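Novice: Using only what follows, build the 3D model:
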Amino acid sequence: MRLRIHRGAQEIGGNCIELKAAGKTLLLDLGMPLSVSSTADVVLPAVSGLAYGKDENFLGVVLSHPHADHYGLLSKAARNTRIYLGQDAQRLLRAALPFTTFGLDLPNASTYRDRETFEVGPFCVTPFLADHSAFDAYSLLIEAEGRKLFYTGDFRGHGRKQGSFKRLLAEPSIKGVDVLLMEGTHLGREDHAIAQTECSLEDDITQSISSTPGLVLACFSGQNIDRFVTFWKAARRVGRIFVADVYLAHILAALNRPSLPKPAVFLPAKMKSKLMRERNTSVVIPFRRRRIYPEQIAGRASNLVMMFRSSMMEEFEGLQCLDGGKLIYSQWPGYLVRDRVNIREWCTRRNLDFEILHTSGHADTQTLVNLAQAVSAKRVIPIHSDAPERLRDLIPGATPIDDGEWINI
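Specialist: All right, here's what the predicted structure looks like:
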């Protein structure tokens, strides 16, 4: 078995790994680089059969999780490309279709489950549920031609699925693999030796909400289900009602997990216009008994924690509900610079308190060390990192490689 990294060896995101065994080819992830805003700006990796679907030796793509930097180029692949992904990941991507360009319907997909091995040609694939900010994320053990590769995908050990990471540390089938392909998002960041846990973040958010007399706006990704649970629990602890937008509510309904809360629901004006324009208003119907309407917000502001995104700024200005309020920003702070509008400045102009309360969806450096020691692989290769050479400082013998470089496993 051989591997080469098409993207991700020297950058965060855009992951794509090609495996070859017995004359067959399998890809792990097909991500869009974070450095671009449109798939039109990216060329597909040079893999025979990927673009036109006319190579019987190309077996398809195994996705680790539903973040665009791991699946975002699928829309450019041949329509008949075989896709393998988690069942809930498929539901989430389909549920996103009415709301975002990154939603996908994958008619040629097969779903997998935690720790259930499946075969793709000469490759045996075993997924392991990972603790990550993406819902239904997995690490992948690939076996072929008597060799073993363990690809961590994106993971952490401080989220709401810490138990999954602890199980992984004790998993006998990954001990002594030939290659450990390990994400290293935080290798270039000095302040991520040990990350704050999601439960500790919940405590901080609870305290922040309790000290705010007015409306609390919660700015986080609608696909970060762990963070939704954190805000929902924090709001409940101080006697407030958490209000999701219809996008998040629709995703939760699609996942249909009894363990996930069913929040109150708000339909933002711009989202309403999009759904009406594209004749997708039926997605709102299931939430009619849980709706919070715009005219109700000002009178209930001190009792609400509302999901918020920058596209809602103008609408909230007109609702006269921001006095004494606060915006809690709970995403990677780097997005504040990339966003087309300045949320922090908007808060200042509207006399809203602004606070960043966030913890990463990726492994801190101590967690990388813990996993590497537990696996004890013959070779460790970093991926999903803009400072891959730093892994040598943490894990003796770790060897960064270049995009396009073939490695014998």
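
Novice: which stretch of helix or strand covers the nearest residue to Gly324 once chain neighbours are set aside?
Specialist: Spatial nearest neighbour of Gly324, excluding adjacent residues (CB to CB, 6 or more residues apart in numbering): Gly214 at 3.1 Å. Just so you know, the C-beta spots here come from the backbone N, C-alpha and C atoms, and that holds for glycine as well. Assigned by DSSP states H and E, Gly214 falls within no helix or strand.

Novice: Gly214 contacts Gly325, doesn't it?
Specialist: Yes. Between Gly214 and Gly325 there is a contact under CB atoms under 8 Å: 3.7 Å.

Novice: Looking at these two, which is more packed in?
Specialist: Using other CB atoms under 10 Å as the criterion, Gly214 and Gly325 rank with Gly325 on top: 22 against 18.

Novice: end to end, how far does stretch 117-134 reach?
Specialist: Chord length of stretch 117-134, first to last residue, is 22 Å (CA to CA, to the nearest Å).

Novice: List the buried residues in that stretch.
Specialist: By 16 or more other CB atoms under 10 Å, the buried positions in stretch 117-134 come out as 120-123, 125-134.

Novice: One more: stretch 36-52?
Specialist: Buried, per 16+ other CB under 10 Å, within stretch 36-52: 39, 42, 45, 47, 49-51.

Novice: Sort out which one of those lies nearest Gly86 for me.
Specialist: Leu50 (21.5 Å; CB to CB).

Novice: Can you read off the pLDDT for the closest one?
Specialist: What the model reports as pLDDT for Leu50 is 97.

Novice: secondary structure class for it?
Specialist: Classification of Leu50 by DSSP: H, G, I helix; E, B strand; the rest coil places it in coil.

Novice: how about the residue nearest to Arg392 when sequence neighbours are not counted, what does it touch?
Specialist: In this structure, Arg392 finds its nearest non-sequential neighbour in Ala398, 5.0 Å apart by CB to CB, 6+ apart. Residues counted as contacts of Ala398 (CB atoms under 8 Å, 6 or more residues apart in numbering) are 372, 380-382, 391-392.

Novice: Turn the residues you listed into CSV, including secondary structure, pLDDT and neighbour count.
Specialist: Below are these laid out as CSV (DSSP: H, G, I helix; E, B strand; the rest coil; pLDDT from 0 to 100; neighbours: other CB atoms under 10 Å):
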residue, secondary structure, pLDDT, neighbour count
Ala372, helix, 97, 20
Val380, strand, 98, 26
Ile381, strand, 98, 24
Pro382, strand, 97, 29
Leu391, helix, 94, 24
Arg392, helix, 93, 15
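
Novice: Restricted to helices, list the buried residues of stretch 117-134.
Specialist: Among the buried residues of stretch 117-134, no member falls in helices (DSSP state H).

Novice: Which pair of these spans the longest distance?
Specialist: Greatest spacing in those, by CB to CB: Pro122 and Ser133 (33.0 Å).

Novice: Now the residue nearest the centre of the chain. Its backbone dihedrals?
Specialist: For the chain, the residue sitting closest to the mean C-alpha position, by CA atoms, centre = their mean, is Ala134 at 3.1 Å. The phi/psi pair for Ala134 (degrees, to the nearest 10) reads phi -80, psi 140.

Novice: quick revisit: can you tell me which of the buried residues of stretch 36-52 lies nearest to Asp386?
Specialist: Using CB to CB as the measure, the one of the buried residues of stretch 36-52 that approaches Asp386 most closely is Val42, at 17.7 Å.

Novice: in the stretch 301-409 of the chain, which spans are helices?
Specialist: Along the stretch 301-409 of the chain, counting by DSSP state H, counting those that start in this stretch, helices occupy 313-318, 334-338, 343-349, 365-375, 391-394.

Novice: can you pull out the strands in the stretch 101-250 of the chain?
Specialist: 109-112, 118-120, 123-129, 138-144, 147-151, 179-183, 216-219, 241-245 (DSSP state E, counting those that start in this stretch).

Novice: And those: which comes nearest Ala363?
Specialist: Ala363 lies closest, by CB to CB, to one member of the strands of the stretch 101-250 of the chain: strand 179-183, at 6.7 Å.

Novice: That closest one packs against which elements?
Specialist: The helices and strands touching strand 179-183, judged by 3 or more CB pairs under 8 Å, 6 or more residues apart in numbering; DSSP states H and E, are strand 147-151, helix 365-375, strand 379-383.

Novice: now the ones you listed in TSV, with distance to Ile205?
Specialist: What follows is the helices and strands packed on strand 179-183, written out as TSV (distance: least, CB to CB, whole Å):
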stretch	distance to Ile205
strand 147-151	33
helix 365-375	22
strand 379-383	32
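
Novice: Can you say which of those is packed in most?
Specialist: Burial among these, expressed as mean neighbours by mean count of other CB atoms under 10 Å, is greatest for strand 379-383, which shows a mean of 25.

Novice: how distant is the lowest-mean-pLDDT helix or strand in the chain from the center of its chain?
Specialist: In the chain, no helix or strand scores lower on mean pLDDT, DSSP states H and E than helix 334-338, which sits at a mean of 83. Put simply, helix 334-338 sits 17 Å off its chain's centre (CA atoms, centre = their mean, to the nearest Å).

Novice: CA-only coordinates of that helix in CSV, if you can.
Specialist: Taking C-alpha atoms only, helix 334-338 is exported to CSV below (Å, rounded to 0.1, in the frame of the first residue of the first chain):
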residue,chain,number,x,y,z
GLY,A,334,-9.6,34.4,13.0
TYR,A,335,-13.0,34.4,11.3
LEU,A,336,-13.6,37.9,12.7
VAL,A,337,-11.0,39.2,10.2
ARG,A,338,-12.3,37.1,7.3
